[in-house]
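**Q** here you go, sequence then predicted model.
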Number of protein chains: 2
Amino acid sequence: MSKKAVILLSGGLDSATVLGIASNEGYDCFAMTINYQQRHHAELAAADNIANFFNIKEHKVVNIDLSWLKSSSLTNEKMDIPETASEGIPSTYVPARNTIMMTLAMAWAETIKSQDIFIGVNAVDYSGYPDCRPEYIASFQKMANLATKTAIEGRKIKIHTPLINLSKSEIICIGKKSNIDYSSTVSCYQADQDGRACGKCDSCRLRKEGFKQANIKDPTQYIISA
Amino acid sequence: MSKKAVILLSGGLDSATVLGIASNEGYDCFAMTINYQQRHHAELAAADNIANFFNIKEHKVVNIDLSWLKSSSLTNEKMDIPETASEGIPSTYVPARNTIMMTLAMAWAETIKSQDIFIGVNAVDYSGYPDCRPEYIASFQKMANLATKTAIEGRKIKIHTPLINLSKSEIICIGKKSNIDYSSTVSCYQADQDGRACGKCDSCRLRKEGFKQANIKDPTQYIISA
């Protein structure tokens, strides 16, 4: 019997690659997408495309309105997405986002009798978010192993972060080997409704640089040539 | 300037008492109620009543549909609520519920610049849920202090659990000193739409026993005399 895994799938480049990795490792994949009323709705359609590309068991979309998190430019449409690199944690940081997502994944994992959760966090080419760091992930895993019936029953929960120490170009190279069509992923924080990217935000900059360094043609459709 | 605190308010006896404690300690109280499509909707109306009783700054209700957690009798209406005490963790256990709630409280706390989160978990007169144990709460707090910008900026997050080591009767005695009207709280897992309690479920049993031991008249309205 194959092992089941819950894979957090945002619709971006990283999580698509993680789904490819989990699938290649032989897991029965249950993809979870969190619709938190993020301004870049296009990534939800992208998640659907990616889920369809892989032969997964189920794709669950969980709706939670986080628009009351007024401090983040991803959940507060009145704020502008920064288009230049900045010092410190950028305004695109959503408080507790990865904890919310991994917690919902943990709840689903318990329900389907899975002990394996995959998330595409990355601590190399990233935006300085506190909840992408290895020490945070390790701490979440410890907490998960006290929080649940799964743990009480002696079955350990593992948070898999296969991308955490990779550069964006390394991630892209791995994904290409799984034949992931990156043109159907959306990384941009302010993509238009057709999923075309701005080419200017932090996420676009990291992605663009990744393709360049990997020496792979960037398939992203940009709104403006940049 | 007073300190702000986020208080998780379910509408039950315990969380009402916790709101009283935080209020007495001089915190500016921001109450958060999670509507997760629980079958006992009456507790949401109760939360509203309790929030109105105390002079709180804001009462936020966050909607998240957890009806896909089919293993719990609180989120799966096709399952019966157990009416006799059982060995082990009962079916009313909702996977990851306290982690989901505390994580949302953590997100809100960061947004309003608060470092204090109150939750009415109890490890004495409780139902054996793993996420009510002191070691779980300690572990969540450690995780929270790695997950957020608040922590990165050197401000520590504290999870307050003033009831964790108290018996139900001790909790009731404390609440009475804050003049909490327990008739407006709903603990029952299958209360009717008017908030009347079944008198049979685990939560009713613990509450009933608490009033008895405290030698305080039980103001709960029961559907049947039990």
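**A** That came through fine.

**Q** for chain A, list the residue farthest from the centre, please.
**A** With distances taken from the mean C-alpha point of chain A and given as CA atoms, centre = their mean, the most distant residue is A:Glu153, at 29.3 Å.

**Q** would you tell me which strand is longest in chain A?
**A** In chain A, with assignment by DSSP state E, the single longest strand is strand A:28-35.

**Q** quick one: it near chain B?
**A** No - figure legend: strand A:28-35 not in contact with chain B (CB under 8 Å from any CB of the partner chain); closest approach 10.0 Å. Backbone N, C-alpha and C define where each C-beta goes, glycine included.

**Q** following that strand, which helix or strand shows up next?
**A** With elements assigned by DSSP states H and E, the helix or strand that comes after strand A:28-35 is helix A:42-53.

**Q** give the buried residues for that next one.
**A** By neighbour count, and taking 16 or more other CB atoms under 10 Å in any protein chain shown as the criterion, the buried residues in helix A:42-53 are A:Ala42, A:Glu43, A:Leu44, A:Ala45, A:Ala46, A:Ala47, A:Asp48, A:Asn49, A:Ile50, A:Ala51, A:Phe53.

**Q** tabulate the residues you listed (CSV), appending distance to B:Ile172 and pLDDT.
**A** Formatted as CSV, the buried residues of helix A:42-53 follow (distance: CB to CB, whole Å; pLDDT from 0 to 100):
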residue, distance to B:Ile172, pLDDT
A:Ala42, 52, 85
A:Glu43, 49, 86
A:Leu44, 47, 89
A:Ala45, 52, 89
A:Ala46, 52, 92
A:Ala47, 48, 94
A:Asp48, 50, 93
A:Asn49, 55, 91
A:Ile50, 52, 93
A:Ala51, 50, 94
A:Phe53, 56, 91
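
**Q** which one of these is nearest to B:Glu58?
**A** Sorting the buried residues of helix A:42-53 by how near they are to B:Glu58, with CB to CB, puts A:Leu44 at the top with 29.5 Å.

**Q** what packs against the longest strand of chain A?
**A** Using 3 or more CB pairs under 8 Å, 6 or more residues apart in numbering or on different chains; DSSP states H and E as the contact test, the elements touching strand A:28-35 are strand A:4-8, helix A:13-24, helix A:42-53, strand A:58-63, helix A:97-111.

**Q** worst average pLDDT in these?
**A** Across these, helix A:42-53 has the smallest mean pLDDT, namely a mean of 91.

**Q** list of residues touching the helix or strand bottoming out on mean pLDDT in chain A?
**A** In chain A, the helix or strand scored least confidently by mean pLDDT, DSSP states H and E is helix A:149-152, which has a mean of 88. Outside helix A:149-152, the residues within contact range by CB atoms under 8 Å, 6 or more residues apart in numbering or on different chains are A:Ala109, A:Glu110, A:Gln115, A:Ala144, A:Asn145, A:Ile157, B:Ile89, B:Tyr93, B:Pro95, B:Pro130.

**Q** now the element after that helix, going C-ward?
**A** Using DSSP H and E, the helix or strand that follows helix A:149-152 towards the C-terminus is strand A:158-160.

**Q** how far does the next helix or strand after that next one sit from the chain's center?
**A** Downstream of strand A:158-160, the next assigned helix or strand under DSSP H and E is helix A:168-177. With CA atoms, centre = their mean, to the nearest Å as the basis, the distance from the averaged C-alpha position of helix A:168-177 to the chain average is 15 Å.

**Q** run the angle between helix A:168-177 and helix A:13-24 for me.
**A** For helix A:168-177 against helix A:13-24, the angle between stretch directions is 40 degrees (axes from the mean of the first three to the mean of the last three CA atoms, to 10 degrees).

**Q** burial count for the closest residue to A:Asn49 other than its chain neighbours?
**A** Excluding the flanking residues, the one nearest A:Asn49 by CB to CB, 6 or more residues apart in numbering or on different chains is A:Ser184, at 4.5 Å. Taking other CB atoms under 10 Å in any protein chain shown as the neighbour definition, A:Ser184 ends up with a count of 18.

**Q** ok, A:Ser184 touching A:Asp48?
**A** No - under the criterion of CB atoms under 8 Å, A:Ser184 lies out of contact with A:Asp48, with a separation of 9.6 Å.

**Q** show me where chain A dips below the pLDDT cut-off.
**A** Counting by pLDDT under 70, chain A has low-confidence residues at A:1-2, A:224-226.

**Q** same thing but at 80, please
**A** Using pLDDT under 80 as the threshold, the predicted model of chain A has low-confidence ranges A:1-2, A:38-41, A:84-87, A:125-127, A:224-226.

**Q** what's the separation between the residue farthest from the centre of chain A and chain B?
**A** For A:Glu153, the distance to chain B under the criterion CB to the nearest CB, to the nearest Å works out to 9 Å.

**Q** OK, contacts around A:Met106?
**A** Contact partners of A:Met106, counting by CB under 8 Å, 6+ apart, are A:Ile117, A:Ala144, A:Ala147, A:Thr148, A:Ile157, B:Pro95, B:Ala96, B:Thr99.

**Q** one more pass at 7 Å, please.
**A** A:Ile117, A:Ala144, A:Thr148, A:Ile157, B:Ala96 (CB atoms under 7 Å, 6 or more residues apart in numbering or on different chains).
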